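1. have a look at this fold, sequence not included:
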């Protein structure tokens with residue numbers, strides 16, 4: 001994992017962690033790069049499904065997602081180890097500068113020792129990827145999925161017609177362009193409309209209720225929302241099929 005921690009002290013014995021904290025900021029920026037990499041891998045996997053590309057290529061994206069998830073877990077543990085070490089030293093206020101590198105390594109190894117092979121599957125982006133990939137396969141009626149859910153032989157146009165109502169945002173009553181899914185209740189809305197609604201409620205110190213009729217979710221938060229890539233692709237695909245040539 002990332003390199004050597006360092007610190008300095010002045011004549012009064014105060015330990016400065018400015019250099020370490022600056023490095024931590026860089027590490028957190030790298031975590032955002034990992035997140036972007038997972039988004040790209042997801043998008044490529046979805047493209048492969050849409051174009052019916054050979055299955056082995058799709059699996060390579062699945063492997064890339066696992067590697068990203070493992071990397072994110074390891075980096076999170078390292079950041080946590082460094083932050084924990086800094087907090088401990090600040091509380092103890094030792095007269096001599098301790099071996100920070102050794103302390104961080106001990107805490108990092110302790111966190112890593114608790115890992116299991118299935119931990120990466122708890123990564124939120126990885127979970128979303130697997131779920132949306134499964135939904136996209138069903139949408140495109142891949143044979144294996146049809147046999148599994150009993151939809152073999154069902155007319156694809158009929159499936160699209162039945163689900164077309166899901167293209168409409170419950171707030172704007174217009175077809176969505178950038179659908180956002182609520183992780184809590186599963187309902188979907190136009191991104192700009194739902195973000196504006198939640199922010200307006202928060203400014204007024206009120207809870208935002210899901211605008212879908214009949215939904216009981218009464219405390220929506222921006223952190224509940226995720227991009228619904230599968231629905232966005234379904235809407236675009238439907239537009240292409242229905243547009244006059």
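-> Happy to help now that I have it. Every value quoted in this text rests on a predicted model; they were computed, and no experiment measured them.

2. quick check: which helices or strands does the helix or strand hosting residue 102 pack against?
-> Taking DSSP states H and E as the criterion, the element that holds residue 102 is helix 100-112. Other helices and strands packing on helix 100-112, by 3 or more C-beta pairs under 8 Å, 6 or more residues apart in numbering; DSSP states H and E, are helix 55-92. Just so you know, the C-beta spots here come from the backbone N, C-alpha and C atoms, and that holds for glycine as well.

3. off-centre distance for the helix it packs on?
-> 14 Å (C-alpha atoms, centre = their mean, to the nearest Å).

4. who are the packing partners of that helix?
-> When contacts are defined as 3+ C-beta pairs under 8 Å, 6+ apart, helix 55-92 sits against helix 18-50, helix 100-112, helix 124-139.

5. for the most centrally placed residue in the chain, give me the pLDDT.
-> In the chain, the residue lying closest to the centroid (C-alpha atoms, centre = their mean) is residue 125, at 3.2 Å. Residue 125 carries a pLDDT value of 82.

6. any stretches of the chain with poor pLDDT?
-> 1-17, 53-59, 95, 117-118, 120-121, 140-165, 244-245 (pLDDT under 70).

7. how does it look with 80?
-> By pLDDT under 80, the low-scoring segments of the chain are 1-24, 50-60, 90-100, 115-122, 138-166, 237-245.

8. hang on, isn't the residue nearest to the centre of the chain packed against residue 69?
-> Yes: taking C-beta atoms under 8 Å as the definition, residue 125 is a contact partner of residue 69 at 7.4 Å.

9. what touches both of the two?
-> By C-beta atoms under 8 Å, 6 or more residues apart in numbering, residue 125 and residue 69 have these common neighbours: residue 38.

10. circling back to that earlier point, OK, contacts around the residue nearest to the residue nearest to the centre of the chain when sequence neighbours are not counted?
-> Excluding the flanking residues, the one nearest residue 125 by C-beta to C-beta, 6 or more residues apart in numbering is residue 38, at 4.5 Å. Each residue near residue 38 by C-beta under 8 Å, 6+ apart is listed here: 65, 68, 69, 72, 125, 126, 129.

11. farthest-apart pair in these, please.
-> The two members of those with the most space between them (C-beta to C-beta) are 72 and 129, at 12.8 Å.

12. what about these two, which has more around it?
-> Set residue 72 next to residue 129 and count neighbours by other C-beta atoms under 10 Å: residue 129 wins out with 25 against 21.

13. how close does residue 133 sit to residue 174?
-> 28 Å (C-beta to C-beta, to the nearest Å).

14. per-domain residue ranges of the chain.
-> Domain ranges of the chain: 8-126, 155-242, per automatic domain parsing.

15. minimum distance to residue 139: which of the ones you listed has it?
-> domain 155-242 (5.7 Å).

16. residue 69 touches residue 127, doesn't it?
-> No: using C-beta under 8 Å, residue 69 is not in contact with residue 127; the gap is 9.4 Å.
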